[in-house]
Structures are given as C-alpha cells and as structure tokens.
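Novice: Below are the sequence and a predicted model for it; my questions follow.
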Amino acid sequence: MTMLEVRAVSHQYGLKQVLDHVTFSVEKGELFGIVGPNGSGKTTLLKLISKELPLVSGEITISGQPLSALSAKQWARMAAVLPQTAETAYGYTVKETVALGRYAHQRGLFPTWTKEDEAAVQEALAAVGLIDKIDEPLERLSGGERQRAYLARALAQEPQLLLLDEPTNHMDISGQVRLLDRLVEAARSRGLTVVAVFHDMNVASLYCDRVIVLKEGKTAALGAPADVMTPALLQEVFAAPVVRQAHPAAAKPVFSFVPKGKEESPAAGLRLSFLDDAAVLAARKPLRVLSSALIGAGFQWATHFVNRQVGLDYDCRDAEEDMHRYLEQRGFLPERTVGMMTAVDVRDAVWVQEEGEAFLVAVMATAGVGNAIDAARSWQHKPFAVKPGTINMVVVIDGRLTDAAFVQAVMTATEAKAKALADRSVCDPETGTVATGTSTDSLAVAATQTGRTFAYAGTATELGRAIGRLVYEAVTEALDRYKRRRGRP
Ligand SMILES: Nc1ncnc2c1ncn2[C@@H]1O[C@H](COP(=O)(O)OP(=O)(O)OP(=O)(O)O)[C@@H](O)[C@H]1O
C-alpha cells in the first residue's frame, strides 16, 4: 500500500528554484531516505510534505488523500515530524514535552489524560532510552538527549508516517544505533512509514530500504542504496572522491571519502630490519593489506609487518593474545601491524624486489617445512596439533589494487609458493607426496593504493607475472637457507 506519493513537486524561494519536478512514492512500512549535499533541497522537500511550506507546484498525497484536503488535526493524526532544529520550549519537563505529542488524539473541549495516552508516552520514552530523565526540565538535557525527547514526542503521536530531518544529529554512536534500530523495528512490526533526511551516507545505506539522491533540487537517483549509491554517482553529486566497500557484517555497501593529498603519496619506502627474534618490514605510509596473519587478518591498513620467531615447542593455544602483547611490548601498534609467527631463524628471511618501469613488487619470505603438507592429501592425515614452522610471505605492491586483484595476488603467490616446494622436492612426510605448503602458512599482500591501478593480478597479467616470479625466487631461496642451516651442526 502506498503511504506517501510525491508527484512532480517543484519549489521556488523567490526566483530561486530549489526543487524541480521531484517524483517518488513510499510504501507503508518503508524506511525511505532523502540524501544529497547541502542546499540540494532535502529540508524543503520535507517541509512541503509536512505542510510547513505551502505546495504550489505538483501533488502530494498521504494514504491517497491530497495534503490540501487534510486539516491540521487530521494531518497530525497521520503524520509526525521531527524538524532539523526543534525549538526548546523552556519550563517543560521531558514527560510534558512528550505528552504534547498526544494532542492530536485528544477530543472535546476539556480532554482528559487517558490510559492510552500514558502508555503511548511511556513507550515512546522507553524507545528513545529516556525513561530515567522523565522529570528533568528539557533545558537541562544535552543536545542529543533533547533530540531524543523530540523524537519521543513524535513517536507518542503514534503516527503512520514519521518525517525526520537528520534524526541522528548530535547523537553519539550508541544513541544513533539504538534510535535507528528502533525505527526499523517500528517499520517492520507495526508498519510505520519513515521518511528521513540523512547526511551520513553510511547510515542511509545501512538503514534505508530506498533512497532518493537530490542534486540541486533534481532527482539524481532513486532506488535501493546498494543499487543507486554507486561511487560514480556519489562522486558526481558530492564532488568528492568516494570509495565503496562491502560492510564487514551486513550485505550493504559502506562509503568512505578519500582525503586530498593521499593521491600524491610516493612509493612505499620499505625497510627491512631485524630484532633479536623478529624480521620487521616497515613502510613509510600505511599499506592496504589482505592477509591471513595472526594479527591483522582480512583487509587492513598497516605500516609494519612483524615476522616473529618462536621456539619449536611454542604453545600455540593463546597465540593471538600472546602476539598482541609481544607487539605492544616492542612498541608496535597492533592496529597498524600485521603479525606472523615462525619457528624458522628469522635471519634467514629473504627479501627480493623488482622495480619495473611503472611499479614495484617486493617479497619477504621465511620458510620452514617441518609441517610440510600436500593440500590434496591432507585429509589422509591424522588430526594434528598446530605447530609453528611455516612459510610466511609478505608481498608488497606499489600500485592501486582492486579487491579482485588482491584476491588474485593471493592465488598467484600461493601457486608460485607451491611450485617452489615442488621444484625443491619438499614432501609431505605422512603421505610421501609433494607438499604444497605447510599447515600454518601465512600470507600478506600489501599495496600502496597510489599510482597505477591494477584490476587483476592473475598469473597471466603483468602484475601477476612479477608476483609469481618474485615469490618463487624468494621461497626457493628461503628453502635453501633453511636446508643449509639445518645441515649445519
Ligand atoms: N526560507 C528560505 N528562503 C530563501 N531560500 C531558502 C530558504 N530556505 C532554504 N533556502 C535555500 O534553498 C536551498 C535548499 O535548502 P534546503 O534547506 O532545502 O537544503 P538541504 O538540502 O536541506 O540543505 P542542508 O543539507 O544544508 O540542510 C538552499 O540554497 C537554501 O539556501
């Protein structure tokens, strides 16, 4: 069922056209977002829907009834508004403020306060988390709390349509999440329709079923956030570079604006150094990393790669916590560090790099093959305890990699490592077949994300060829050093 219909709505302030033939409709129970840069007409649109501004051009209906046919009280029984900046009415308590929302439901010349009124007020206060402030004077609340009190007033109205202008303004992160979760819940459970102006693109993406993107009063896009909020559109509308990524926990896109200056970053400025028990690769600027490492797994931005040496008898049960402590004790920020472990002597770390015309690939590798394993036959192994003794690799690329290129770089590096093991005849001791790796290998692929863009890094691409060759070279040399050291008395 259509709750709100906006058809060819235009608006002018004097000679200035601020809305130009805007058309959309919102279904009952939908959470609909209005987004766009400053001055694009969002608030004006909301004011026209809420009858705060007279509608001169176009048509707006609520539940099929034209706005002009609704009296103020009829309108208030259907819709509630939370404006961008609500006036602070001095002398009222929180409860009295919220109780004003019940006005539209009261009848007769001398309305009485009913059980329903009380229940609606209590429920609205609970929804915004202000029960404990119920008797506080409004002016003693913080900006965020006051905003929540006004929202409670709108909710107490028990509207079918809720119009919000930047509802999470002034709110801290927990207040925002609580409020938005409640709105979604109200939309799903009792069919409340919400139309809200959002400045934060990520909030709009995470919470709205659909959005309209306004640019200079015109519709730039209309649809589900994942479909319409493309980097190209946002870049055009907001005139700022935008990166779109997948949310780590929800199937929604998240957006980051790229600060100026980042583009000009020079090459990574890599340096390999050694502590007593670790090989440390340091970059001058944070690198974007995809890794399977103990610390910093997944996608991260990191400046340091620490390959820590532990004894063969190291107890791996609390390895992550232990590594975290180790990094902190040695002055590395765990949030900016990729941390790996190995039982190999880290002085045998191999460091190779190749500088092509327009890009650079560098690889650090340590190799110990005590746990060598054939991935195709590992199912034949008896369950075994995880032991350190591992092939660890860090592949650094001076270039801008797409997510596909990151994953392909991981594949290319893994295949090249397997080939190095095959060519050095490293065997899985349990199956007697050629090993493809060890049971606890780690890999980090890091990129400067500046300069030339690489869409792919498969074995046939220019980047993939460099990765394959350098990984093969580094792992082969690391295996030889491992063998030589073991051969020594
Ligand atoms: N009362 C008014 N008289 C004249 N011009 C106005 C008036 N109200 C808004 N405007 C202008 O209309 C344009 C649209 O304003 P509006 O408040 O709708 O934009 P917005 O998208 O909500 O902006 P913001 O993100 O800054 O809140 C702006 O250029 C603004 O300066």
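Specialist: Thanks, I have it.

Novice: Up against the ligand, what does the chain have?
Specialist: Within the chain, the residues that sit near the ligand (Cβ under 6 Å from any ligand atom) are 13, 18, 36, 38, 39, 40, 41, 42, 43, 44. From N, CA and C alone the C-beta is placed, and that goes for glycine too.

Novice: Return the member of the residues you listed nearest to residue 420.
Specialist: Each of those was scored against residue 420 by Cβ to Cβ, and residue 36 proved nearest at 53.9 Å.

Novice: Which pLDDT value goes with the residue nearest to that closest one when sequence neighbours are not counted?
Specialist: What sits nearest to residue 36 in space, not counting adjacent residues and going by Cβ to Cβ, 6 or more residues apart in numbering, is residue 214, at 3.5 Å. Residue 214 is assigned 96 on the pLDDT scale.

Novice: beta partners of residue 214?
Specialist: residue 219 (DSSP bridges).

Novice: Tell me, how many residues neighbour it?
Specialist: 27 (other Cβ atoms under 10 Å).

Novice: Can we start the residue count at 55 from this point?
Specialist: Renumbered: residue one is now 55, and that last one reads residue 268.

Novice: what sits against residue 207?
Specialist: Taking Cβ atoms under 8 Å, 6 or more residues apart in numbering, we find residue 207 in contact with 134, 151, 152, 154, 155, 178.

Novice: What about the third one, how many residues nearby?
Specialist: It refers to residue 152. A total of 28 residues lie near residue 152 under the criterion other Cβ under 10 Å.

Novice: one step back: could you list which of the residues of the chain next to the ligand belong to helices?
Specialist: 96, 97, 98 (DSSP state H).

Novice: In CSV: the residues of the chain next to the ligand, plus distance to residue 207, neighbour count and pLDDT.
Specialist: Formatted as CSV, the residues of the chain next to the ligand follow (distance: Cβ to Cβ, whole Å; neighbours: other Cβ atoms under 10 Å; pLDDT from 0 to 100):
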residue, distance to residue 207, neighbour count, pLDDT
67, 28, 10, 94
72, 28, 18, 96
90, 27, 25, 93
92, 27, 7, 91
93, 28, 12, 93
94, 28, 22, 95
95, 26, 23, 96
96, 22, 26, 95
97, 19, 18, 93
98, 23, 21, 95
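
Novice: need the helices for the stretch 255-404 of the chain, in chain order.
Specialist: Along the stretch 255-404 of the chain, counting by DSSP state H, counting those that start in this stretch, helices occupy 255-261, 279-282, 285-292, 373-383.

Novice: Serialize these to TSV and add fields for mean neighbour count.
Specialist: Shown next, in TSV, are those (neighbours: other Cβ atoms under 10 Å):
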stretch	mean neighbour count
helix 255-261	21
helix 279-282	16
helix 285-292	16
helix 373-383	16
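
Novice: which stretch in these has the least confidence?
Specialist: helix 285-292 - the lowest mean pLDDT of these, at a mean of 82.

Novice: contact partners of stretch 298-314?
Specialist: 255-256, 259-260, 279-280, 283-285, 288, 292, 294-297, 352.

Novice: taking the residues you listed as a set, which two sit the farthest apart in space?
Specialist: 292 and 352 (28.0 Å).

Novice: Smallest distance to the ligand belongs to which residue of the stretch 255-404 of the chain?
Specialist: Proximity of the stretch 255-404 of the chain to the ligand (Cβ to the nearest ligand atom) peaks at residue 268, 6.6 Å away.

Novice: Can you give me the distance of that residue to residue 298?
Specialist: For residue 268, the distance to residue 298 equals 19 Å [Cβ to Cβ, to the nearest Å].

Novice: do residue 194 as well
Specialist: Separation of residue 194 from residue 298 (Cβ to Cβ): 42 Å.

Novice: Kindly report the same for residue 450.
Specialist: Per Cβ to Cβ, residue 450 is found 25 Å from residue 298.

Novice: neighbour count winner among those two?
Specialist: Neighbours per residue (other Cβ under 10 Å) separate residue 450 from residue 298, with residue 450 holding more: 23 against 17.

Novice: Report the secondary structure state of the more buried one.
Specialist: The local conformation at residue 450, judged by DSSP: H, G, I helix; E, B strand; the rest coil, is strand.

Novice: list the contacts for it?
Specialist: For residue 450, the contacting residues are 322, 324, 335, 337, 341, 414-418, 500-502, by Cβ under 8 Å, 6+ apart.

Novice: These in strands, which ones?
Specialist: Taking DSSP state E as the definition of strands, the contacts of residue 450 contribute 335, 337, 341, 414, 415, 416, 417, 418, 500, 501.

Novice: List just the nearest of the residues you listed to residue 273.
Specialist: Residue 273 has its nearest neighbour among these in residue 501, at 37.1 Å by Cβ to Cβ.

Novice: Isn't the closest one up against residue 449?
Specialist: No. Residue 501 is beyond contact range of residue 449, at 9.1 Å (criterion: Cβ atoms under 8 Å).

Novice: still on that earlier bit, could you work out the most separated pair of the residues of the chain next to the ligand?
Specialist: Spanning the widest gap among these are 67 and 90, at 16.7 Å by Cβ to Cβ.

Novice: Show me how far stretch 225-242 is from its chain's centre.
Specialist: Centroid separation for stretch 225-242 versus its chain: 17 Å, with Cα atoms, centre = their mean, to the nearest Å.

Novice: what do you get for stretch 123-143?
Specialist: 34 Å.

Novice: next one: stretch 291-311
Specialist: Mean-position distance between stretch 291-311 and its chain equals 7 Å (Cα atoms, centre = their mean).

Novice: Now do the domain split for this protein, please.
Specialist: 56-311, 320-541 (automatic domain parsing).

Novice: show me the contacts for the closest residue in space to residue 218 that isn't next to it in sequence.
Specialist: Take residue 218 and drop its neighbours on the chain: the residue closest to it by Cβ to Cβ, 6+ apart is residue 250, 3.9 Å away. Under the criterion of Cβ under 8 Å, 6+ apart, the neighbours of residue 250 are 85, 86, 87, 88, 216, 217, 218, 219, 220, 221, 237, 262.

Novice: Export the residues you listed to JSON lines and append columns for secondary structure and distance to residue 474.
Specialist: Formatted as JSON lines, these follow (DSSP: H, G, I helix; E, B strand; the rest coil; distance: Cβ to Cβ, whole Å):
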{"residue": "85", "secondary structure": "strand", "distance to residue 474": "53"}
{"residue": "86", "secondary structure": "strand", "distance to residue 474": "56"}
{"residue": "87", "secondary structure": "strand", "distance to residue 474": "52"}
{"residue": "88", "secondary structure": "strand", "distance to residue 474": "56"}
{"residue": "216", "secondary structure": "strand", "distance to residue 474": "62"}
{"residue": "217", "secondary structure": "strand", "distance to residue 474": "64"}
{"residue": "218", "secondary structure": "strand", "distance to residue 474": "59"}
{"residue": "219", "secondary structure": "strand", "distance to residue 474": "61"}
{"residue": "220", "secondary structure": "coil", "distance to residue 474": "57"}
{"residue": "221", "secondary structure": "coil", "distance to residue 474": "57"}
{"residue": "237", "secondary structure": "helix", "distance to residue 474": "56"}
{"residue": "262", "secondary structure": "coil", "distance to residue 474": "50"}
